[in-house]
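S.K.: need a structure here:
(one chain, ligands or ions: 2)
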Amino acid sequence: MKDTAHTPNETLRPQEPVMQEIKTDVLVIGAGSGGLSFAAGASQMGADVTLLEGHKMGGDCLNFGCVPSKALIAAGKQAQAMRTGETLGVTPVLPKVSYAEAKRHVHRVIETIAPVDSQERFEGLGVRVIREYGRFVDKETVEAGRYRIKARRVVIATGSSPFVPPIPGLDEVPFETNETLFDLMEKPDHLIVVGGGPIGMEMAQAHVRLGSRVTVIEGAKALGKDDPEMAEVVLKRLRKEGVEIVEEAQVSRVSGKKGTITVHTPKGDFTGDTLLMAVGRKANIERLNLDAAGIKHDRAITVGADLRTTNRRVYAIGDVAGGFQFTHVAGYHGATVIRPILFGLPAKARTDHIPWATYTDPELAQVGLTEAQAVERHGKHAVEVLRFPYHENDRAIAEGKTDGLIKVMVVKGRPVGASIAGEKAGELIGLWALVLANKLKIGAVAAMVAPYPTLGEISKRAAGQYYVPRLFQSDMVKKVVGLVQKYLP
Ligand SMILES: Cc1cc2nc3c(=O)[nH]c(=O)nc-3n(C[C@H](O)[C@H](O)[C@H](O)COP(=O)(O)OP(=O)(O)OC[C@H]3O[C@@H](n4cnc5c(N)ncnc54)[C@H](O)[C@@H]3O)c2cc1C
Ligand SMILES: NC(=O)c1ccc[n+]([C@@H]2O[C@H](COP(=O)([O-])OP(=O)(O)OC[C@H]3O[C@@H](n4cnc5c(N)ncnc54)[C@H](O)[C@@H]3O)[C@@H](O)[C@H]2O)c1
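M.R.: Ligands and ions are numbered 1, 2, ... in the order given. Here you go, the predicted structure:
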């Protein structure tokens, strides 16, 4: 026998990995929308940045979220365009849909965008990228694989994962989440979606358009985070396209097996061949060992408006910080913490100017307060609600996209919120996000000249409503005009 020089103890124990120490200005944990935004900015401004990613570069948005969902929605939109158009003189046809090809489109879109979020790109920017999960071992040290990292500041950007509720029977049936759905290559015959939030409704419409039967089971109200009047515009269209939407139907039990799955609710039992769970998110905090670093958390990490945790050296941004869960919010958080971390200057993240959009057709978009929130915050008498419908917009009429409306909530001449349901609502809300971000008066929008004929004119027309009672229904204005006309040469 060869070599018996080691002790018996050593033979039993695998060799300890040699820990490599790293000292860095900033350690970023998580390479999703938030972590990457921060890392790109901080490294280009001269900071020594180390970035940990345990799974895929780009995080949820690129791999399992915004990007694949919008790509699949695009396939559904194309199929729907072929089914419609009779009123425009174009004979509709029944589209031949290859679900697998639509999914290949999804994967190609991810691959096309992936280089922007890649390890190579970030290393090119000077970021030290380590492909490991990180966990705190004390207040200023994080371990990741064979690395022990000490950082002056830490940014936690570990995002969120699909929340799977403890519904009886769910552990015994196969189900999809946003992490598996985009790899499913076989078209569901009957997709049961549990959860009528943005994920559920976007995927419900994409699937019904691609030829699946779809039932959405919602425990409360579908699209319940939006203004109900605006949400109804979308729900009406989805129902018209064949999506069955069952509201106030909290799922009590799930039963069945692969291919035949039944969801039991107080409103009845619903059976399909594929189940998608889309009932919200849970923050990715389990692996972080937050207690070792003195970082307070409940379901998400506790932060103040400055995005600082209870450990003063550590910040939390994006989905893991609770609050709004959107890619643009994660990016905004990343940009916000650049100031304190790189320059030692104070910075606070605002929430009053954050827009969001749900990419159903028609789209649903919001910034600031909804009508109900504005009334609750400012009182019924202080809030003026300006409205304008799509069916009075010439471009919408020309294109046959007349479902929808805009509502703008104004307090003392300043918009505090805007809601749009209709064609390209996600694009149109940008103007109102600018207004709210800069606390502009409604007059700024009324003074804008919008090109004719554009959907964007709905914003100007809504703003114009502010002046209708003040100019067109005012006895005083009429008196002044009468007087001036009397003496004007
Ligand atoms: C189906 C779907 C559609 C969506 N559509 C939109 C949309 O259209 N528009 C929009 O604005 N938002 C959308 N979102 C939300 C958006 O994806 C998230 O808000 C965004 O990705 C959050 O970014 P983040 O940086 O906080 O986290 P993530 O993007 O989730 O990134 C976190 C990263 O951290 C990594 N990580 C976790 N723990 C550790 C650890 N301990 N160590 C190292 N790495 C770790 C993860 O692997 C992940 O890569 C959608 C979400 C879903 C699920
Ligand atoms: N277009 C976008 O920007 C976009 C798209 C998708 C997701 N997202 C982000 O991802 C987040 C998560 O989306 P989501 O749709 O999973 O969550 P969500 O929390 O917005 O909606 C989940 C829905 O599931 C319902 N629900 C919960 N438990 C249930 C049960 N047992 N039975 C029946 N219904 C139940 C809730 O009442 C709720 O309406 C969103 O809040 C959003 O921030 C954004």
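S.K.: show me what contacts the closest residue to residue 373 other than its chain neighbours?
M.R.: Leaving aside its chain neighbours, residue 373 sits nearest to residue 417 (6.9 Å; criterion: Cβ to Cβ, 6 or more residues apart in numbering). For glycine as for every other residue, the C-beta is placed from the backbone atoms N, C-alpha and C. Counting by Cβ atoms under 8 Å, 6 or more residues apart in numbering, residue 417 touches 366, 367, 368, 369, 370, 371, 373, 374, 408, 409, 436.
S.K.: do that again at 6 Å, thanks
M.R.: 368, 369, 374, 409 (Cβ atoms under 6 Å, 6 or more residues apart in numbering).
S.K.: please name the bridge partners of the residue nearest to the second one when sequence neighbours are not counted.
M.R.: If I follow you right, that is residue 369. Sequence neighbours aside, residue 417 is the residue nearest to residue 369 in space, at 3.5 Å (criterion: Cβ to Cβ, 6+ apart). Residues in a beta bridge with residue 417, per DSSP bridges, are residue 368, residue 409.
S.K.: residue 417 and residue 377, how far apart?
M.R.: 9 Å (Cβ to Cβ, to the nearest Å).
S.K.: over to residue 258?
M.R.: Distance check for residue 258 against residue 377: by Cβ to Cβ, it reads 49 Å.
S.K.: ditto for residue 135
M.R.: 41 Å.
S.K.: who's more crowded, those two?
M.R.: residue 135 (19 against 14; other Cβ atoms under 10 Å).
S.K.: setting aside sequence neighbours, what's the nearest residue to the more buried one?
M.R.: residue 289 (4.4 Å).
S.K.: you'd agree the one you found is up against residue 137?
M.R.: No: using Cβ atoms under 6 Å, residue 289 is not in contact with residue 137, being 7.2 Å away.
S.K.: got phi/psi on residue 217?
M.R.: Backbone torsions of residue 217, given as degrees, to the nearest 10, read phi -110, psi 120.
S.K.: residues near it, how many?
M.R.: 26.
S.K.: which strand residues bridge it?
M.R.: Bridge pairing for residue 217 (DSSP bridges) gives the partners residue 194, residue 246.
S.K.: which residues touch residue 205?
M.R.: Residue 205 makes contacts with 238, 360, as judged by Cβ under 6 Å, 6+ apart.
S.K.: ok but it is inside a helix, no?
M.R.: Yes: the assignment for residue 205 by DSSP: H, G, I helix; E, B strand; the rest coil puts it in a helix.
S.K.: please renumber so the chain begins at 643
M.R.: In the new count, where the first residue is 643, that last one comes out as residue 847.
S.K.: ok, the residue of the stretch 893-1042 of the chain found nearest ligand 1 - how many residues close by?
M.R.: Here the stretch 893-1042 of the chain gets closest to ligand 1 at one residue, residue 960, 2.2 Å apart by Cβ to the nearest ligand atom. Residues near residue 960, counting by other Cβ under 10 Å, number 36.
S.K.: does it touch residue 800 like I think?
M.R.: No: counting by Cβ under 6 Å, residue 960 does not reach residue 800; the two are 8.2 Å apart.
S.K.: phi, psi for the residue of the chain found nearest ligand 2 please.
M.R.: Closest residue of the chain to ligand 2, Cβ to the nearest ligand atom: residue 839 (2.1 Å). Dihedral pair for residue 839: phi -90, psi -170, per degrees, to the nearest 10.
S.K.: now the one 5 residues further on
M.R.: The main-chain torsion angles of residue 844 are listed as degrees, to the nearest 10 and equal phi -60, psi -50.
S.K.: identify the residues contacting it.
M.R.: 711, 1001, 1002.
S.K.: that one and residue 1004, how far apart?
M.R.: The gap separating residue 844 from residue 1004 is 12 Å, by Cβ to Cβ.
S.K.: confidence score at residue 658?
M.R.: Note for residue 658: predicted pLDDT of 64.
S.K.: identify the residue nearest the residue nearest the centre of the chain in space, chain neighbours excluded?
M.R.: A centroid search over the chain (Cα atoms, centre = their mean) returns residue 968, at 3.4 Å, as the residue closest to the centre. Taking Cβ to Cβ, 6+ apart as the measure, residue 968 lies nearest to residue 998, with 5.6 Å between them; neighbours along the chain are not counted.
S.K.: for that neighbour, name its beta-bridge partners.
M.R.: residue 1008.
S.K.: what about it, distance to residue 731?
M.R.: 36 Å.
S.K.: which of those two has more neighbours?
M.R.: Set residue 998 next to residue 731 and count neighbours by other Cβ under 10 Å: residue 998 wins out with 19 against 6.
S.K.: what pLDDT is listed against that one?
M.R.: pLDDT for residue 998: 98.
S.K.: now do residue 648
M.R.: 44.
S.K.: interface residues of this structure facing ligand 2?
M.R.: 807, 809, 836-842, 844, 859-862, 866-867, 892-893, 920-923, 967-968, 998-1001 (Cβ under 6 Å from any ligand atom).
S.K.: in JSON lines, list the contacts of residue 844 along with distance to ligand 1 and secondary structure.
M.R.: Shown next, in JSON lines, are these (distance: Cβ to the nearest ligand atom, whole Å; DSSP: H, G, I helix; E, B strand; the rest coil):
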{"residue": "711", "distance to ligand 1": "4", "secondary structure": "helix"}
{"residue": "1001", "distance to ligand 1": "6", "secondary structure": "coil"}
{"residue": "1002", "distance to ligand 1": "11", "secondary structure": "coil"}
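S.K.: can you put those in CSV and add pLDDT, neighbour count and distance to residue 1089?
M.R.: CSV is the format used below for the contacts of residue 844 (pLDDT from 0 to 100; neighbours: other Cβ atoms under 10 Å; distance: Cβ to Cβ, whole Å):
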residue, pLDDT, neighbour count, distance to residue 1089
711, 98, 21, 37
1001, 98, 21, 31
1002, 98, 26, 32
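S.K.: residues contacting stretch 1119-1131, please?
M.R.: residue 1113.
S.K.: got the buried residues for it?
M.R.: Buried positions in stretch 1119-1131, judged by neighbour count with 16 or more other Cβ atoms under 10 Å: none.
S.K.: output that stretch as CSV, nothing but the C-alphas.
M.R.: Taking C-alpha atoms only, stretch 1119-1131 is exported to CSV below (Å, rounded to 0.1, in the frame of the first residue of the first chain):
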residue,chain,number,x,y,z
VAL,A,1119,-64.7,85.0,-16.8
LYS,A,1120,-67.9,85.7,-18.9
LYS,A,1121,-68.2,89.1,-17.3
VAL,A,1122,-64.6,90.0,-18.0
VAL,A,1123,-64.8,88.8,-21.6
GLY,A,1124,-68.0,90.8,-22.1
LEU,A,1125,-66.5,93.9,-20.6
VAL,A,1126,-63.3,93.6,-22.7
GLN,A,1127,-65.3,93.0,-25.8
LYS,A,1128,-67.3,96.1,-25.2
TYR,A,1129,-64.3,98.4,-25.1
LEU,A,1130,-61.8,96.6,-27.3
PRO,A,1131,-61.4,98.6,-30.6
